[in-house]
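> Sharing a sequence plus its predicted fold:
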Amino acid sequence: MHAYLSDREGLIIRKIPDKRGYFGAYGGRFVPETLMPALLELEKAYAVSKKDADFQAELAHLRKTYIGRPTPLYFAKRLTADLGGAKIYLKREDLAHTGAHKINNAIGQALLAKKMGKKRLIAETGAGQHGVATATGAALAGLECEIYMGSDDVARQSLNVFRMRLLGARVNEVTIGSRTLKDAINEGLRDWTANVRTTHYVMGTVFGPHPFPAMVRDFQAVIGREAKKQILASEGRLPDYLIACVGGGSNAIGLFYEFLLDTQSRSDRPITMIGVEAGGRGISAGEHAARFAGGSIGVLQGTKSYLLQDDDGNVLGTHSVSAGLDYAAVGPEHAFLKDSGRVQYSYATDDEALAAFDRLARHEGIIPALESSHALAEAIKLGPRLSKDEIIIVNLSGRGDKDVQHVARLRGEAL
Amino acid sequence: MKSRIAAKFQALRHQNRKAFIPYIMAGDPDMLRTRELVGILEDCGADIIELGVPFSDPLADGPTIQAAAQRALESGTTMHTVIDFVSSLRKCTQIPIILMTYYNSIFKYGDQRFIEDAIAAGVDGIIVPDLPPDEAQGLLQLTRKRPLDIIFLLAPTSTDERIRKVVHASRGFIYYVSITGITGSKLSLEPSIAERLAHVRAVSDLPIAVGFGISTPEDASMIAGFADGVIVGSAIVRRTSENDEDLKQYLQSLRQAIR
Ligand SMILES: Cc1ncc(COP(=O)(O)O)c(C=O)c1O
């Protein structure tokens, strides 16, 4: 299916990013000088925190008693039987506090910001899950909080907007540009530029300038570490396939990272990993957010990666039914993993994701986030083609409560 | 080879004058208007002109320049348009021209091709707010000993180590950002700014121009007291769509304040 990893690639994967924040050709730190000192300070503080036993103990304690980790690895028996192929396991990030994997990162960064003496957290949010998670982290750490969210997303994820307010955060609606995640990040970075001395920017995914892509990955890698232990406990072997949706790419790298150098148990082939992007209404300009299917290399919001852009380097509009995947660029580590062939990237359309959303609700009694439904859609396509003794783990990155109003609207049902 | 920018600052130094560096967005709302505005700026005593090249995601810019970029993109303005424009401008004026743009507009054009085309057109310098020297090794290599200055920015947050790095990489002049923030913000100078500039001068002979948030002749005059040049952007961009007589009067008031 794909080439074996060479030793050299294995080495690179273990060591990336390099000192300048590069994952191979991708990543870096493309930001105004005003922010450079803060990024250097953050890089140092983060490195110190990794070796700080107290910090790690506090994080571990909160993961257990506050976030509710480890999240279960659930065998989706009825879905598996229905598809008639590979065994499908779901990593239940939807059961984490606040309802998505975003909390893993937000709590980590909130603790770090507190340690650095910052008074205020700001963040961008698309689906609102990262905004809720950051507002939660701020409340927990006793910090002020302000969230930037595109006005289109405010409309389709209004439940989460209210949750953020309940948690004491101020939500700023961004009405310029795409009115979605991309412009929320622009506004967040502008705020950070003006308030960098007192404020920490909680980047919500494995994107942005170094050290964010590496730091967010490390905070999310707990997903894969747990999943590995859990699948070994229940099946006595490693999985054959891992599937996750890719917005910026944090839940995907969170699941994949621990397994990157592993091979399938019954062969010496690497475990197949599939990142699923938003195919929207199909792959034509402005109608999707599948950066690997329709993008090219560019620099946006602090990092070099795959980007949906025109011939002059201006960023194209995107569309996805799910706010969390509706974004023109993708994390630099994914760009590296794509080029190296270690991870495959596919996409699911709006319709496929909505069908998967329904199917999981009816067959398993779990309403998934629309983002996670993209990963499920891939599993639904792949599962029946595999034999019954193969194992797929799907990252169920979040729960769908936030999406029910939006789905009702799409169906023309009044609530 | 000495750039027009370096020559300009040298001449100003001899005359004991300070540089007035206005910024406008190319193509806002179209290139014909940009041509007119360049004439007006020069007539009103600009020493160097900064031409913005529009980008879809200008994260160092406030609402005024964001909106100008939006209008310029809507009129179809691209890096190619702006380089061609400078090339035709060179038939009538030798005023130093700096392009201010975000790195993706250069990257997508191709670093090498961009440098060659910009030099051939008569562009004298570039300011790329999202390209710190740490990421500019490629462009620095391509412009070595060429008449195109890369002007890097220093900020109130820059540490000594950053100052050394930026100063070392810069050519033409150093762009000192007056405030901790984005373009068009309210000017609120940190009291230590004159001291900070003296600190930079201790490690560099390059001229220092100060920009971001400067809008009144009073601001400009105060800045000119300790800087070699004053950059005014949003406050001019805001006025380019109004009455030209008012614009000229405003530009002249800035010019008179910068001495
Ligand atoms: C539930 C859920 N899954 C996935 C994503 C996409 O982000 P990432 O690719 O960083 O995991 C989001 C983002 O908002 C989300 O809320």
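All right, it came through fine. The structure presented is a predicted model; accordingly, all values stated were derived computationally and were not measured.
> how about the strands in the stretch 1-150 of chain A?
Ranges of strands within the stretch 1-150 of chain A are A:22-23, A:26-30, A:73-75, A:87-92, A:120-125, A:144-150, based on DSSP state E, counting those that start in this stretch.
> Check residue 7 and give its pLDDT.
By default, I'm working from chain A. Per-residue pLDDT puts residue A:7 at 62.
> think we crossed wires, I meant chain B
Per the predicted model, pLDDT is 97 at residue B:7.
> mind checking how far it is from residue B:14?
The gap separating residue B:7 from residue B:14 is 11 Å, by CB to CB, to the nearest Å. Any C-beta I mention is one placed from the backbone N, CA and C, and that applies to glycine too.
> So those two - more neighbours on which side?
For the pair residue B:7 and residue B:14, the greater number of neighbours falls to residue B:7 (13 against 8), based on other CB atoms under 10 Å in any protein chain shown.
> Check which helices and strands whatever helix or strand residue A:218 lives in sits against.
According to DSSP states H and E, residue A:218 maps onto helix A:212-220. Identification of packing neighbours for helix A:212-220 by 3 or more CB pairs under 8 Å, 6 or more residues apart in numbering or on different chains; DSSP states H and E yields helix A:36-51, helix A:102-115, helix A:250-256, helix A:332-340.
> Show me how far the helix or strand hosting residue A:380 is from its chain's centre.
Element membership of residue A:380 [criterion: DSSP H and E] is helix A:370-382. Relative to the chain's own centre, helix A:370-382 is displaced by 15 Å; criterion: CA atoms, centre = their mean, to the nearest Å.
> cool, and stretch A:31-50?
Offset of stretch A:31-50 from its chain centre (CA atoms, centre = their mean): 22 Å.
> ok, now which ones touch residue 164?
Using chain A here. A:125, A:128, A:131-132, A:135, A:147, A:171 (CB atoms under 8 Å, 6 or more residues apart in numbering or on different chains).
> meant chain B, my bad for not saying
Neighbouring residues of residue B:164 by CB under 8 Å, 6+ apart: residue B:203.
> how about it, secondary structure?
Three-state call for residue B:164 (DSSP: H, G, I helix; E, B strand; the rest coil): helix.
> Run through who's touching the host helix or strand of residue B:32.
Secondary structure from DSSP H and E places residue B:32 in helix B:31-43. The contact list for helix B:31-43 (CB under 8 Å, 6+ apart) reads B:22, B:24, B:26-28, B:49, B:51, B:75, B:77, B:81, B:85, B:89, B:93, B:95, B:240, B:244, B:247-248, B:251.
> quick one: the residue of the stretch 101-250 of chain B found nearest chain A from the ligand, how far?
Per CB to the nearest CB, residue B:108 is where the stretch 101-250 of chain B lies closest to chain A, at 3.2 Å. Using CB to the nearest ligand atom, to the nearest Å, we find residue B:108 at a distance of 25 Å from the ligand.
> With residue A:270 instead?
For residue A:270, the distance to the ligand - CB to the nearest ligand atom - is 22 Å.
> Quick check: bridge partners of that residue?
residue A:263 (DSSP bridges).
> Spell out which parts of chain A neighbour the ligand.
Contact residues, chain A versus the ligand (CB under 6 Å from any ligand atom): A:100, A:102, A:126-127, A:129-130, A:205, A:245-252, A:324-325, A:369, A:371-372, A:397-398.
> Three-state assignment for the residue of the stretch 101-250 of chain B closest to chain A, please.
In three-state terms, and counting by three-state DSSP, residue B:108 is helix.
> so what's residue 151 up against?
Because you didn't say which chain, this covers chain A. Residues counted as contacts of residue A:151 (CB under 8 Å, 6+ apart) are A:173-175, A:179.
> look at chain B instead
Shown in contact with residue B:151 (CB under 8 Å, 6+ apart): B:98, B:125-127, B:170-175.
> Number of residues surrounding the closest residue to chain B within the stretch 1-150 of chain A?
Using CB to the nearest CB, residue A:34 is the residue of the stretch 1-150 of chain A that sits closest to chain B, at 4.0 Å. Neighbours of residue A:34 under the rule other CB under 10 Å: 25.
> need the contact list for it.
Under the criterion of CB under 8 Å, 6+ apart, the contact list for residue A:34 reads A:193, A:196, B:153, B:155-157, B:177, B:180-181.
> any chance of the strands of the stretch 1-150 of chain A in JSON lines, plus distance to residue A:226 and mean neighbour count?
Formatted as JSON lines, the strands of the stretch 1-150 of chain A follow (distance: least, CB to CB, whole Å; neighbours: other CB atoms under 10 Å in any protein chain shown):
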{"stretch": "strand A:22-23", "distance to residue A:226": "24", "mean neighbour count": "24"}
{"stretch": "strand A:26-30", "distance to residue A:226": "26", "mean neighbour count": "27"}
{"stretch": "strand A:73-75", "distance to residue A:226": "7", "mean neighbour count": "18"}
{"stretch": "strand A:87-92", "distance to residue A:226": "8", "mean neighbour count": "26"}
{"stretch": "strand A:120-125", "distance to residue A:226": "25", "mean neighbour count": "27"}
{"stretch": "strand A:144-150", "distance to residue A:226": "28", "mean neighbour count": "25"}
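> Throw those into JSON lines and include mean pLDDT and distance to residue A:311, thanks.
As requested, these are exported to JSON lines (pLDDT from 0 to 100; distance: least, CB to CB, whole Å):
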{"stretch": "strand A:22-23", "mean pLDDT": "97", "distance to residue A:311": "26"}
{"stretch": "strand A:26-30", "mean pLDDT": "98", "distance to residue A:311": "20"}
{"stretch": "strand A:73-75", "mean pLDDT": "98", "distance to residue A:311": "45"}
{"stretch": "strand A:87-92", "mean pLDDT": "99", "distance to residue A:311": "40"}
{"stretch": "strand A:120-125", "mean pLDDT": "98", "distance to residue A:311": "27"}
{"stretch": "strand A:144-150", "mean pLDDT": "98", "distance to residue A:311": "25"}
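> In helices, which of the contacts of residue A:34 fall?
Secondary structure from DSSP state H places residue A:193 of the contacts of residue A:34 in helices.
> Tell me which entries of the contacts of residue A:34 lie within strands.
Among the contacts of residue A:34, DSSP state E puts B:153, B:177 in strands.
> Between the contacts of residue A:34, which sits nearest residue A:384?
Nearest to residue A:384, judged by CB to CB, of those is residue A:193 at 50.2 Å.
> distance of that closest one from residue B:227?
21 Å.
> Please point out which parts of the next helix or strand after the helix holding residue A:218 sit buried.
Scanning forward in sequence from helix A:212-220 by DSSP H and E, the next helix or strand is helix A:222-235. For helix A:222-235, the neighbour count (16 or more other CB atoms under 10 Å in any protein chain shown) marks A:222-224, A:226-228, A:230-231, A:235 as buried.
> And for stretch B:77-87?
Under 16+ other CB under 10 Å, the buried positions of stretch B:77-87 are B:77-79, B:81-83, B:85-86.
> In the stretch 51-200 of chain B, which residue sits nearest the ligand?
Nearest residue of the stretch 51-200 of chain B to the ligand: residue B:57, at 19.0 Å (CB to the nearest ligand atom).
> if I pick that residue, what's in contact with it?
Contacts here follow CB under 8 Å, 6+ apart; on that basis residue B:57 touches A:177, A:182-183, A:186, A:300-301, A:315, B:102.
> related to what we said a few turns ago, and the contacts of residue B:151, which two are furthest apart?
Those two in the contacts of residue B:151 that are separated most widely, counting by CB to CB, are B:126 and B:174, at 14.1 Å.
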